[in-house]
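Peer 1: next input, structure requested:
(one chain, ligands or ions: 1)
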Amino acid sequence: MLAETVLLAEHEPEVAEMSARYLRQDGLRVHLVTDNYFAALGVGAIGLDPAAHAIPTDGWLRAADGVWALGDVTGHGAFTHISMYQADIVVVAAGAANSAKLLLNSANDAHPHGLANGSDQVGRNYMFHNCNAVVSLSKEPNETVFQKTLGLNDFYLAGGDRKWPLGNIQMIGKSNAGAMKGEEPKLTLLAPRFSLDDVAKHGVDWWLTTEDLPMPDNRVTVDGDGDIHLSYTATNDKEAADLYAELKTILNHVGMAEHHVLDKNFYMSMSIPVAGVAHQAGTCRFGTDPAMSVLDTDCKAHELDNLYVVDTSFFPSIGAVNPALTAMANALRVGAHLTTRLG
Ligand SMILES: Cc1cc2nc3c(=O)[nH]c(=O)nc-3n(C[C@H](O)[C@H](O)[C@H](O)COP(=O)(O)OP(=O)(O)OC[C@H]3O[C@@H](n4cnc5c(N)ncnc54)[C@H](O)[C@@H]3O)c2cc1C
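Peer 2: Residues are numbered from 1 along each chain as shown. Sure thing, here's the model as predicted:
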């Protein structure tokens, strides 16, 4: 009888044998499968068809109770293959949500709460920006093609009447009628003398970014099946609303009357919900205090000497500007550190 068994296809012998070796070290019974071997293995005893050319599996590659099938033997194609890589130094860069997921799912006896997570900080302080997309209607046609050229940081910092920073205003890609189509009723209601094409032609598009604050309870977790979950409560809603008000005030001065400033509502609502996240960060923040951060200032895990995380997970705060350049600059910085470390 087969129990706690893994069946591996032998069509790629090197990969299959290497995988089998490591799985056997973990105490699993592993069988490399060929067509001839399939029936001899006695798979009929566990409800599989010995005459079949492939073993059907569920989403976890389970073929039967206590039996998993990996590789060509499942008949699902290349993506069912497994491979293993080993290195002296491991650099994780799977994105803020998935890097946390990877570390949390990598729990073992030495790291029961996940890799680098003795502090329970992995996955916490998830941030994704409090964003509003706005299309304003110019009285003049806007013939611009490449519109994403202007950014305003006049409200970025606190000061004057502003107790808290409001964030960044920038232009985004030009609206077109096709993209706006789903919201035609509202747009044409707000601008009844315009057709949808007119709205797009006169549209001037803005992206408003307000900082999302790092909150320990805004966090990525994984459940017993290894699936990812996100708990998230928005921060800085008032500051985001105040930034929108500042934009409308500016536009009133440049010929775009207040009642012509519309939500860019093919995003469904003016503010971009977590379902529309583009800028996620913070789940493995760096810092000098191992109790409050996952990584040291070289982006190496406090608790492990050979694990680095270099995507936007390392952000201790997200600011109010697009994150990609910061992630790239930091990756180059950590790369220089690793080059030195590796000699
Ligand atoms: C629609 C959109 C527009 C954006 N516009 C801008 C912009 O204008 N300016 C800007 O600065 N930023 C922008 N961003 C944000 C920017 O793309 C991200 O901040 C940046 O890509 C994050 O980099 P990262 O390395 O953290 O993660 P990612 O770029 O997401 O890279 C993570 C990689 O890891 C892979 N991966 C995940 N899990 C695993 C796994 N288990 N094993 C192996 N690989 C895995 C993923 O497939 C992915 O390739 C935008 C994002 C979106 C979605």
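
Peer 1: C-alpha from now on. contacts and neighbour counts both.
Peer 2: Noted.

Peer 1: can you tell me how far the residue of the chain most remote from its centre is from Gly66?
Peer 2: Distance to the chain centre peaks in the chain at Ala40, reaching 45.3 Å (criterion: C-alpha atoms, centre = their mean). Distance from Ala40 to Gly66, counting by C-alpha to C-alpha, to the nearest Å: 19 Å.

Peer 1: neighbours around Glu14, how many?
Peer 2: Look at Glu14: counted by other C-alpha atoms under 10 Å, it has 11 neighbours.

Peer 1: did I read that right, it in a helix?
Peer 2: Yes - per DSSP: H, G, I helix; E, B strand; the rest coil, Glu14 lies within a helix segment.

Peer 1: what are the contacting residues of stretch 217-237?
Peer 2: Stretch 217-237 has contacts (C-alpha atoms under 8 Å, 6 or more residues apart in numbering) with 97, 100-101, 104-105, 123-127, 130, 210-213, 283.

Peer 1: can you give me the helices in the protein?
Peer 2: All helices of the chain, identified by DSSP state H, fall at 13-25, 35-40, 96-105, 177-180, 184-190, 196-202, 237-253, 324-341.

Peer 1: which of these has the lowest average pLDDT?
Peer 2: Between those, the lowest average pLDDT goes to helix 184-190, which shows a mean of 57.

Peer 1: pLDDT below threshold where in the stretch 51-200 of the chain?
Peer 2: Applying pLDDT under 70 to the stretch 51-200 of the chain flags residues 76-84, 180-194.

Peer 1: and the gap between the residue farthest from the centre of the chain and the ligand?
Peer 2: Computed as C-alpha to the nearest ligand atom, to the nearest Å, the Ala40 to the ligand distance reads 36 Å.

Peer 1: identify the farthest-apart pair in the contacts of stretch 217-237.
Peer 2: Greatest spacing in these, by C-alpha to C-alpha: Asn105 and Thr210 (31.9 Å).

Peer 1: more neighbours: those two, which one.
Peer 2: Set Asn105 next to Thr210 and count neighbours by other C-alpha under 10 Å: Thr210 wins out with 30 against 21.

Peer 1: what sits opposite that one in the beta ladder?
Peer 2: Note on Thr210: beta-bridge partners by DSSP bridges are Asn130.

Peer 1: and Asp225, how many neighbours?
Peer 2: For Asp225, using other C-alpha under 10 Å, the count is 8.

Peer 1: check the gap between it and the ligand for me.
Peer 2: Taking C-alpha to the nearest ligand atom, one finds Asp225 at 15 Å from the ligand.

Peer 1: pick the most buried one from the helices of the chain.
Peer 2: Of all these, helix 96-105 has the most neighbours on average by mean count of other C-alpha atoms under 10 Å, namely a mean of 23.

Peer 1: hmm, that helix in reach of the ligand?
Peer 2: Yes - on the criterion C-alpha under 6 Å from any ligand atom, helix 96-105 is in touch with the ligand at 96, 98.

Peer 1: packing partners for that helix?
Peer 2: Using 3 or more C-alpha pairs under 8 Å, 6 or more residues apart in numbering; DSSP states H and E, the elements in contact with helix 96-105 are strand 219-222.

Peer 1: dump the residue contacts of Ala100.
Peer 2: So Ala100 contacts 122-123, 220-221, 283-284, 313 (C-alpha under 8 Å, 6+ apart).

Peer 1: return the residues in contact with Met73.
Peer 2: Residue 73: Val, not Met. Contacts for Val73 were tallied using C-alpha under 8 Å, 6+ apart; they are 7-9, 33, 53-55.

Peer 1: what's the separation between it and the ligand?
Peer 2: Per C-alpha to the nearest ligand atom, Val73 is found 23 Å from the ligand.

Peer 1: could you check which residue of the stretch 151-300 of the chain lies nearest the ligand?
Peer 2: Ala278 (3.9 Å; C-alpha to the nearest ligand atom).

Peer 1: okay, now that residue: neighbour count?
Peer 2: 13.

Peer 1: correct me if wrong: it contacts Met127.
Peer 2: No - here Ala278 does not reach Met127: they are 10.5 Å apart, not a contact under C-alpha atoms under 8 Å.

Peer 1: coming back round to it: which of the contacts of Ala100 sit farthest apart?
Peer 2: Farthest pair in the contacts of Ala100, by C-alpha to C-alpha: Thr221 and Ser313, 14.1 Å.

Peer 1: got the residues of the stretch 201-343 of the chain near the ligand?
Peer 2: 278-279, 311-312, 322-325.

Peer 1: for those residues, which one is nearest Arg24?
Peer 2: Asp311 (33.4 Å).

Peer 1: and the closest one, how far from Arg285?
Peer 2: Using C-alpha to C-alpha, which is the criterion applied here, Asp311 is 10 Å from Arg285.

Peer 1: and Asp120, how many neighbours?
Peer 2: Neighbour count of Asp120, defined by other C-alpha under 10 Å: 16.

Peer 1: contacting residues for it?
Peer 2: Asp120 makes contacts with His113, as judged by C-alpha under 8 Å, 6+ apart.

Peer 1: which residues of the stretch 1-150 of the chain fall in strands?
Peer 2: For the stretch 1-150 of the chain, applying DSSP state E, counting those that start in this stretch gives strands covering 5-9, 29-33, 62-64, 67-70, 90-92, 130-137.
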